[in-house]
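Asks: Give me coordinates for this.
(one chain, ligands or ions: 1)
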Amino acid sequence: MKKKKIKSIAVMTGGGDCPGLNAVIRAVTKTAISKYGLEVWGVEDGYIGLIENRMRRLAFGDVSNILTVGGTILGTSNIANAFKFPVKNKNGKIQLKDLSDKCVEHLEEHGVDALVCIGGDGTMASAADFAKKGVVVMGVPKTIDNDLYGTEVTFGFDTAVTTATEAIDKIHTTASSHHRVMIVEVMGRYAGWIALHSGIASGSDVILIPEIPYKLDKICKFVQERSARGKQFSIIVAAEGAKEKGGKLVVKRTLVHSPDPIRLGGIANVLASQISEKTDLECRAVVLGHIQRGGTPTPYDRALATGFGYKAIELLMSGVKNHLVVHKNGQLSSIPLWRVAGKVRKVPRNHHLIKAGLGVKTSFGI
Ligand code: F6P
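Replies: Reported below is the predicted structural model:
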């Protein structure tokens with residue numbers, strides 16, 4: 001793509017969906033049209049839409065009334081990588097092909113001068129690869145997991161924490177009525193942000209995160225002691241990526257051709273059977289799953305997403321390219337995409353919420 005003045009942009013959403021995607025699409029489109037008179041294209045279903053040349057013009061009216069709506073009006077995919085796309089050959093065998101040239105052709109065909117990629121680490125890794133091919137890109141940080149490197153917060157995280165906390169609050173009453181140990185599994189992949197925040201916010205008794213491998217005996221002792229003190233129920237929040245010290249991650253499925261093939265899941269059920277066996281306490285597992293990705297974004301996420309979308313266009317129009325918009329020290333700025341690719345932002349061991357949790361006698365299973 002030649003260096004020229006930006007007159008037309010495309011916007012796409014990649015990776016798992018997340019509350020606030022529509023708020024970014026709205027902010028990007030409205031700012032681009034009303035402030036700069038740009039033409040805006042919406043790419044359908046993430047990188048698949050670029051491969052298959054599926055994009056549609058977005059007018060101001062197309063993005064009205066979507067600020068509060070969950071999901072993405074453009075569709076998304078978390079299994080498509082244009083640089084390694086699974087294609088069936090004549091013998092029916094799957095081969096991984098680099099279809100990125102096609103994507104560039106499709107963008108040029110539509111006269112697109114810059115691509116706004118809204119997504120998490122997988123989307124940003126591909127965006128960085130497209131930048132290497134000469135496409136002008138701008139990334140916007142999305143993920144409920146809050147694990148994107150370079151930004152202190154991603155939109156969608158606050159909504160997921162709110163959803164998880166509300167669910168755990170409800171689980172409290174049934175745990176208490178039945179004198180049970182309830183193990184609530186939350187998402188987050190290899191980072192414990194959702195578990196840590198929802199666990200602290202709900203006053204959960206045990207919080208298990210990937211960054212602090214747990215000891216089963218310590219958890220059992222903790223819930224037994226609670227029981228002995230007359231606290232006849234316990235709530236354990238387990239991140240899907242939590243694992244026992246020296247143990248393995250619990251994997252739910254492997255999607256071989258996905259850029260991120262491992263899907264975690266199942267830790268709550270594993271813990272429920274192990275704890276009930278070792279303690280004689282009645283345990284139940286609750287897996288919150290994709291509920292955490294759905295629903296209307298919280299006011300915080302709506303505002304954050306709107307700020308991110310606006311900033312993406314401002315940066316592009318001021319000549320910045322191939323960057324990710326980030327939130328740092330209460331301000332929006334940006335960092336080069338190549339610095340983000342391939343990294344995961346984990347919970348630091350000295351995080352203030354871990355200290356606060358320990359202060360109020362929450363167990364981290366150690
Ligand atoms: O990255 C978002 C996320 O919801 C993770 O928390 C979770 O591990 C994964 O996506 C689930 O992916 P899928 O929707 O493919 O099951």
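Asks: mind checking how far Gly156 is from the ligand?
Replies: To the ligand, Gly156 is 9 Å away according to Cβ to the nearest ligand atom, to the nearest Å. Where C-beta positions appear, they are placed from N, C-alpha and C, glycine not excepted.
Asks: How about Val320?
Replies: The gap separating Val320 from the ligand is 27 Å, by Cβ to the nearest ligand atom.
Asks: Enumerate every residue touching that residue.
Replies: The contact partners of Val320, by Cβ atoms under 8 Å, 6 or more residues apart in numbering, come to Met138, Ser334.
Asks: you'd agree it is in a strand?
Replies: No - counting by DSSP: H, G, I helix; E, B strand; the rest coil, Val320 is located in no strand; its state is coil.
Asks: Ramachandran angles for it?
Replies: The phi and psi values for Val320, taken as degrees, to the nearest 10, are phi -80, psi 140.
Asks: Around Gly139, how many other residues sit close by?
Replies: Counted with other Cβ atoms under 10 Å, residues neighbouring Gly139 total 33.
Asks: tell me the SS of the closest residue to it other than its chain neighbours?
Replies: Nearest non-adjacent residue to Gly139, counting by Cβ to Cβ, 6 or more residues apart in numbering: Leu324, 3.8 Å away. Under three-state DSSP, Leu324 falls in the strand class.
Asks: hey, what's Leu324 bridged with?
Replies: Judged by DSSP bridges, the bridge partners of Leu324 are Gly139, Ile335.
Asks: The residue of the stretch 1-150 of the chain found nearest the ligand - how many residues pack around it?
Replies: Residue of the stretch 1-150 of the chain nearest the ligand, by Cβ to the nearest ligand atom: Gly16 (3.8 Å). By other Cβ under 10 Å, the residues close to Gly16 number 22.
Asks: Tell me who's in contact with the spatially closest residue to it that is not a sequence neighbour.
Replies: The shortest distance from Gly16 to any non-neighbouring residue, by Cβ to Cβ, 6+ apart, is to Asn78 (4.8 Å). When contacts are counted by Cβ under 8 Å, 6+ apart, Asn78 touches Gly14, Gly15, Gly16, Gly46, Gly122, Ser258, Pro259, Asp260.
Asks: My understanding was that the second one contacts Thr123; is that so?
Replies: Which is Gly15. Yes - the pair Gly15 / Thr123 is scored as a contact, 4.9 Å apart, by Cβ atoms under 8 Å.
Asks: circling back: does the residue nearest to Gly16 sit in a helix, a strand or a coil?
Replies: Relying on three-state DSSP, one would call Asn78 coil.
Asks: How confident was the prediction at it?
Replies: Listed pLDDT for Asn78 reads 92.
Asks: Report the contact partners of the residue nearest to Gly139.
Replies: By Cβ under 8 Å, 6+ apart, Leu324 lies in contact with 124, 138-141, 148, 150-151, 334-337, 340.
Asks: neighbour-wise, which of those leads?
Replies: Gly139 (33 neighbours).
Asks: quick one: that one from Ser227, how far?
Replies: Gly139 sits 49 Å away from Ser227, going by Cβ to Cβ, to the nearest Å.
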